[in-house]
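# requesting a structural model of the entry that follows:
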Amino acid sequence: MDKITLERMQFYGYHGVYPEENKLGQRFYVDVTMYVDLRAAGQSDDLKETVNYAEVCGCIREIVEGKPHKLIEAVAEHIASKLLDTYTKINEITVKVTKPHPPVRLHLDGVVVEIHRKRD
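Down below sits the predicted model:
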């Protein structure tokens, strides 16, 4: 299957279990890979035959910068569900959400949740 990948989109959101995270917020990174048959788009050079990734970025922004979730797992699930519901050309999707500064007492490069969903 062909794919369109959006890499390391950066957003500022207020997700987290702790009140400080919901109040202060922090940066989140999102990677999305959409599995789409791109043959018609490649042959026709027509945007209607593919997924408009500019629109997809807007949908993701609304989710990550919108209503806070306690878990980045919920953020990833919301992104996957919204994109599969909105764009019928997407057959499968992988969503990776990175929280680079989790509130833990050790140094690490971040916490990453990655999910993969298929159209039912």
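
# what is the longest helix anywhere in the chain packed up against?
Across the chain, the longest stretch assigned as helix under DSSP state H is helix 72-86. Applying 3 or more C-beta pairs under 8 Å, 6 or more residues apart in numbering; DSSP states H and E, we find helix 72-86 packed against strand 26-35, helix 53-64, strand 92-99, strand 111-118. Just so you know, the C-beta spots here come from the backbone N, C-alpha and C atoms, and that holds for glycine as well.

# how about it: buried residues?
Residues of helix 72-86 classed as buried: 72, 75-80, 82-84 (neighbour count, 16 or more other C-beta atoms under 10 Å).

# just put these in JSON lines and tack on distance to Pro102 and pLDDT.
Shown next, in JSON lines, are those (distance: C-beta to C-beta, whole Å; pLDDT from 0 to 100):
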{"residue": "Ile72", "distance to Pro102": "9", "pLDDT": "98"}
{"residue": "Val75", "distance to Pro102": "13", "pLDDT": "98"}
{"residue": "Ala76", "distance to Pro102": "15", "pLDDT": "98"}
{"residue": "Glu77", "distance to Pro102": "18", "pLDDT": "98"}
{"residue": "His78", "distance to Pro102": "19", "pLDDT": "98"}
{"residue": "Ile79", "distance to Pro102": "19", "pLDDT": "98"}
{"residue": "Ala80", "distance to Pro102": "21", "pLDDT": "98"}
{"residue": "Lys82", "distance to Pro102": "24", "pLDDT": "98"}
{"residue": "Leu83", "distance to Pro102": "25", "pLDDT": "98"}
{"residue": "Leu84", "distance to Pro102": "27", "pLDDT": "98"}
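
# distance to Met34 added to the residues you listed, as TSV?
Converted to TSV, the buried residues of helix 72-86 look like this (distance: C-beta to C-beta, whole Å):
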residue	distance to Met34
Ile72	19
Val75	17
Ala76	14
Glu77	16
His78	16
Ile79	11
Ala80	10
Lys82	12
Leu83	7
Leu84	9
